[in-house]
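>>> compute the structure for the input listed below.
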Amino acid sequence: MTLTERLNAYEKLMRLDKPIGILLLAWPTLWGLWLSSGGRPDWIVLWVFALGVVLMRSAGCVINDYADRHFDPHVERTRNRPLASGLVKPREALWLAAGLALLALLLILPLRNGLLVQLAVVAAFLAASYPFTKRFFAIPQAYLGIAFGFGIPMAYAAHVHAVPSIAWWLLAANAFWAIAYDTEYAMVDRDDDLKIGIKTSAITFGRYDVLAVMLCYAASLGLLAYVGWRLHLGWVYYAGLAAAAGVAAYHYTLIRERDRARCFKAFQHNNWFGAAVFAGIALELYRLNQAG
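You can find the predicted model right below:
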């Protein structure tokens, strides 16, 4: 294998060619960064977190494929992934994941924030352990939601050197959102997952999967509304939540027939849910800062 071919295989292993995962990790991190700073994030912190999102999502993808290397060859959508197809060896994948995680840790060390470093270690553990929860958790998507939302308490630690209760409510909102969108994703692979014995929320919810997805969207929006009430945010914030609710309603039209292609489209479209919430946060805080 030439160097170019090897780098291309690593790129696919890190899913850099599929940025939706980066976006789904980035939006809750941005929610936390803006809310923890009152709409005025430290730009060095912002850039550190932006790079950290890319590095940790990439490391998580590598570990996920390492954990699933014996399952992926039997799933239609994943059989051509670099580890499943033999393009990348398991030992290479472990070294790559370790290198990416180390780079992410080195990024935050110059911030000289002990609490942030401690939370970063927890975040790394969550990212590394999530793929293995599919062996024994009935709803591993809940664990994923915590892992994908852990940038929220880290953002508060970076800006205020503490993690107030509002950060955990925001994390809970992200967890329900993650269950919703990753159940849509799991609906694509349900038949293959049943054959190989992996546990997913789509299997656990069974014929109530569509209802469960919509209830999780509702729970996420309800928690986000509670966060807005606690922080005394105004109408612009709630307009963002209304737009996100519209996105969720559109997803119902995509998943209600359980067509695999349309379920996958709904999953990818969740970028707009996260973006709508962030737009409401950013514009509301800008309005408040201008008024104050």
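
>>> so which elements touch the one helix or strand residue 290 maps to?
Counting by DSSP states H and E, the element that carries residue 290 is helix 260-291. Contacts defined by 3 or more CB pairs under 8 Å, 6 or more residues apart in numbering; DSSP states H and E place helix 260-291 against helix 20-36, helix 165-188, helix 235-255. In this view, the C-beta of every residue, glycine as well, is placed from N, C-alpha and C.

>>> reformat these as a markdown table; add mean neighbour count and mean pLDDT.
As requested, those are exported to a markdown table (neighbours: other CB atoms under 10 Å; pLDDT from 0 to 100):
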| stretch | mean neighbour count | mean pLDDT |
| --- | --- | --- |
| helix 20-36 | 23 | 97 |
| helix 165-188 | 23 | 97 |
| helix 235-255 | 18 | 98 |
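
>>> which strand or helix spans the closest residue to residue 164 other than its chain neighbours?
Nearest in space to residue 164, with sequence neighbours left out and distances taken as CB to CB, 6 or more residues apart in numbering, is residue 156 at 6.5 Å. Using DSSP H and E, residue 156 falls within helix 151-160.

>>> just checking, what packs against that helix?
Based on contacts counted as 3+ CB pairs under 8 Å, 6+ apart, the elements that helix 151-160 packs against are helix 20-36, helix 43-67, helix 114-133, helix 165-188.

>>> avg pLDDT for stretch 42-58?
In this model, stretch 42-58 has an average pLDDT of 97.

>>> figure out how far that stretch is from the centre of its chain.
Computed by CA atoms, centre = their mean, to the nearest Å, the chain-centroid distance of stretch 42-58 equals 14 Å.

>>> equivalent analysis for stretch 40-51, please.
Per CA atoms, centre = their mean, the centroid offset for stretch 40-51 relative to its chain is 18 Å.

>>> quick revisit: in the helix holding residue 290, what counts as buried?
Neighbour-count burial for helix 260-291 flags 262-264, 266-267, 269-282, 284-285, 287-288 (criterion: 16 or more other CB atoms under 10 Å).
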